[in-house]
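Student: Here is a sequence together with a model predicted from it:
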There are 2 protein chains.
Amino acid sequence: MVVELISVGTEILLGNIVNTNAAYLAEKCALLGCSLYHQTVVGDNEERMEEAIRQAVDRSDIVILTGGLGPTKDDLTKEVAARVFGRELYMDEHSKKRIADYFERIQSRAVTENNWKQALVPEGAIVIDNHNGTAPGLIIEDEERGKAAILIPGPPDEMKVMFEQDIAPYLNKLQPEGIYSHMVKICGIGESRAETMVADLMEGQSNPTLAPYAKIGEVHFRVTAKAKSEEEAEKLMRPMIDEMYERFGSSIYTTEESVTLEESIVELLKEKGMTLTTAESCTGGKLAGRILNVPGASEVYKEGYITYSNGSKEKILGVKKETLEQYGAVSRQTAQEMALGAADAAKADAALSVTGIAGPGGGTEEKPVGLVYIGCAVHGEVTVREYRFTGNREKNRDYAVVRALTLLREALM
Amino acid sequence: MVVELISVGTEILLGNIVNTNAAYLAEKCALLGCSLYHQTVVGDNEERMEEAIRQAVDRSDIVILTGGLGPTKDDLTKEVAARVFGRELYMDEHSKKRIADYFERIQSRAVTENNWKQALVPEGAIVIDNHNGTAPGLIIEDEERGKAAILIPGPPDEMKVMFEQDIAPYLNKLQPEGIYSHMVKICGIGESRAETMVADLMEGQSNPTLAPYAKIGEVHFRVTAKAKSEEEAEKLMRPMIDEMYERFGSSIYTTEESVTLEESIVELLKEKGMTLTTAESCTGGKLAGRILNVPGASEVYKEGYITYSNGSKEKILGVKKETLEQYGAVSRQTAQEMALGAADAAKADAALSVTGIAGPGGGTEEKPVGLVYIGCAVHGEVTVREYRFTGNREKNRDYAVVRALTLLREALM
């Protein structure tokens, strides 16, 4: 079953708001096993909206329209959709009563005449109650052509409740199979190389399928199966996931969509009963900030240091003056002493240190912008790695954070 | 000039990522004075992409395509666009060299064969260098029909730099009147209140216009003028901006789009010859991370502390054991001692402290999730403010960071 999304609204068209509704609906529909080939955004313009709806109805089975169901003259979605399906509008007494009740409940505003426009519905349409607002949702079916248009209000809280309570069950009834997926998340291997390593799996498979998603410093692969039950889907996906572990080994840190790299590391530290600290120069708190995104990280992380100046590296971390003079603040040696010094100062089992030139200034020929040293000390053993990032200041710092987490994970495994 | 956007990528189509690129590009193009009537999303499918491009070229003057320029077989945007415009692809030596240089610079990864595909460009196309990645941007012009397709890589940091540096000037040249704007950025005043304060200015004006943009913890107003020259535009905008200063006073920290709150604060510290440090509990490095986003912040920021545990608050900041026992770690008193202790430890002129309950766990009836105390010490004088945020963990931490910066700014003014 092919579903197509049309988002109506000039504020989306002009970029004043980000179209999160489309992402939400697309993901939900895909998980219900629907195929999605097109999303469109049109403004509050009658002619272009009609053209978009006609085209969508021609090429897809179900068209979901969001937005343009409000009380103002600009709100035209229902009127245009009714015309495309050849239906007249009539006053729906049930919807009218709900609108009156709604305004009585919130009290703060009186019903204005244009609000009753929202109770007009196309002949033969299924009316869906709105639990968070006034405009009802509508399903207009053309049984002869096997097509339908689903109209949902644009405000996300009205849209989501309506979709979950009424639209999803409606779509589900039309579908024989559901879609299930795992996200295989990999760190420490570049995007191109990772894709090359599983090119055959991406090519050769239809159920399950494998598709890559690039994240900053990580590569994620989604394994997706179509099946009548979750159990059956898991059976279909198992051999593919096993094969991924065969090829990527411990570079895979999770197969669950919801688990982040920092969560997997905090989990690992908890399992081992270890504590962690950080000493950051160029990342300046971003690494700690990311680790402490994890609820409950306090169990493994007590304190950390932002040592931006040479003086603070000496004073807080005990980096030797001679090291700084001889090799510079951005050096393998300094990263090493920073990691050891941080572990010592915080009395932590493990420590990560980051020192580098994030840019845009500060680079030299010998030590260019993007040069970053990351140190990882675990129980007194230090590993230092050199990286050369090529982004802007922000990206270099973000990459350094992910590389530091990856290095710690390797050291802990 | 009518511009149309096509976003290419199955991950957008299926809702795995939110289409922030489209919002960014739509907003920028509208600011340049372009008309936008359609946005479309298609997946990595040759046939549907070709159909979408042909339709867009027919009905619009310029089609901007994002995504699908990567090295994999799924990346087809360039190939399909070249076909629609009747162009062959050839190996562009300049782009090839840039890709080779890129991989040499980052060293950690070898060039794989599929990377060279990114140096193939359509005959006669304008090649735009990518400063944050490997795929170049491309402009394919059909002078006879007066049409053009602009191809930009999908990763937002690559897309944005390319748009600002090369695409925006290209579009601007095609327009008779340019659009110019200032962003009046305000901190310390809530969104609703700020909008009420300038409701008359938003209603009554057509050139310049005034429109609000809500950011986390800040309110931005864009002042936009249409004019033949920048000078003329500045003259049109001046009275409006003066009026904003009249109403918001020193709550306005800049009128420049590119200046951030943290930059304005680093600038203020530099002017006063003052240094700053931070002591963070619930924000765990995010506040320092944000300040150190500013290039050259090393002049005012030497070191900072992440004191997540009670022990570290005592040890590093000298918070009294009795204070922690009597009032708790999340209290006005602890925030005060943290700020004073941090300034002392870092020998800094100013210090910010943050202690709170970010959630989801850790809340009690007396001290609920979202309760945050922020301290600001300047030359030994401390101000502490209590905040009650209502978001999730991430949002609460982000709000705390902005409130801390705002408090410091007030103290410095």
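Tutor: The structure has been received and is ready for your questions.
Student: alpha carbons only for contacts and neighbour counts from here, please
Tutor: Fine.
Student: State the phi and psi torsions of the residue of the stretch 251-400 of chain A found nearest chain B.
Tutor: For the stretch 251-400 of chain A, the residue closest to chain B is A:G285, as judged by C-alpha to the nearest C-alpha, at 4.0 Å. For A:G285, the backbone dihedrals (degrees, to the nearest 10) come out as phi 110, psi -10.
Student: And for A:G328?
Tutor: Note on A:G328: its backbone torsions stand at phi 90, psi 160 [degrees, to the nearest 10].
Student: That one is in contact with A:E322, isn't it?
Tutor: No: using C-alpha atoms under 8 Å, A:G328 is not in contact with A:E322, being 9.1 Å away.
Student: Which one's more surrounded, these two?
Tutor: Neighbour count, other C-alpha atoms under 10 Å in any protein chain shown: between A:G328 and A:E322, A:G328 has more, with 15 against 9.
Student: Now do the domain split for chain A, please.
Tutor: Per automatic domain parsing, the domain ranges recorded for chain A read A:2-173, A:178-254, A:261-412.
Student: Which of the three states applies to A:V63?
Tutor: Reduced to three states with DSSP: H, G, I helix; E, B strand; the rest coil, the structure at A:V63 is strand.
Student: Give me the local confidence score for it.
Tutor: As predicted, A:V63 sits at a pLDDT of 98.
Student: Quick one: neighbours of it, just the number.
Tutor: Around A:V63 there are 27 residues (other C-alpha under 10 Å).
Student: Would you quantify the distance from it to chain B?
Tutor: 14 Å (C-alpha to the nearest C-alpha, to the nearest Å).
Student: can you list the domains of chain A in CSV and add distance to B:E47?
Tutor: Output for those, formatted as CSV (distance: least, C-alpha to C-alpha, whole Å):
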stretch, distance to B:E47
domain A:2-173, 11
domain A:178-254, 18
domain A:261-412, 34
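Student: Packed most tightly, which of these would that be?
Tutor: domain A:261-412 (a mean of 22; mean count of other C-alpha atoms under 10 Å in any protein chain shown).
Student: How far off centre is that domain?
Tutor: On the basis of C-alpha atoms, centre = their mean, to the nearest Å, domain A:261-412 sits 26 Å off its chain's mean C-alpha point.
Student: ok, the residue of the stretch 251-400 of chain A closest to chain B touching B:I291?
Tutor: No: if you go by C-alpha under 8 Å, A:G285 and B:I291 don't touch, sitting 9.5 Å apart.
Student: which residue packs closest to the residue of the stretch 251-400 of chain A closest to chain B, ignoring adjacent ones?
Tutor: B:G285 (4.0 Å; C-alpha to C-alpha, 6 or more residues apart in numbering or on different chains).
Student: Cross-check the contact I'm expecting between that neighbour and B:I306.
Tutor: Yes: using C-alpha under 8 Å, B:G285 makes contact with B:I306 at a distance of 6.1 Å.
Student: Need the residues touching each of these two.
Tutor: Common neighbours of B:G285 and B:I306 (criterion: C-alpha atoms under 8 Å, 6 or more residues apart in numbering or on different chains): A:A288.
Student: Low-confidence regions, the stretch 51-200 of chain A specifically.
Tutor: In the predicted model of the stretch 51-200 of chain A, residues A:106-110 satisfy pLDDT under 70.
Student: ranges for the strands of it?
Tutor: Secondary structure of the stretch 51-200 of chain A by DSSP state E, counting those that start in this stretch: the strands cover A:62-66, A:89-91, A:120-122, A:126-128, A:137-142, A:147-152, A:178-187.
Student: Packing partners of the last one?
Tutor: Using 3 or more C-alpha pairs under 8 Å, 6 or more residues apart in numbering or on different chains; DSSP states H and E as the contact test, the elements touching strand A:178-187 are helix A:20-31, strand A:218-227, helix A:230-248, strand A:252-254.
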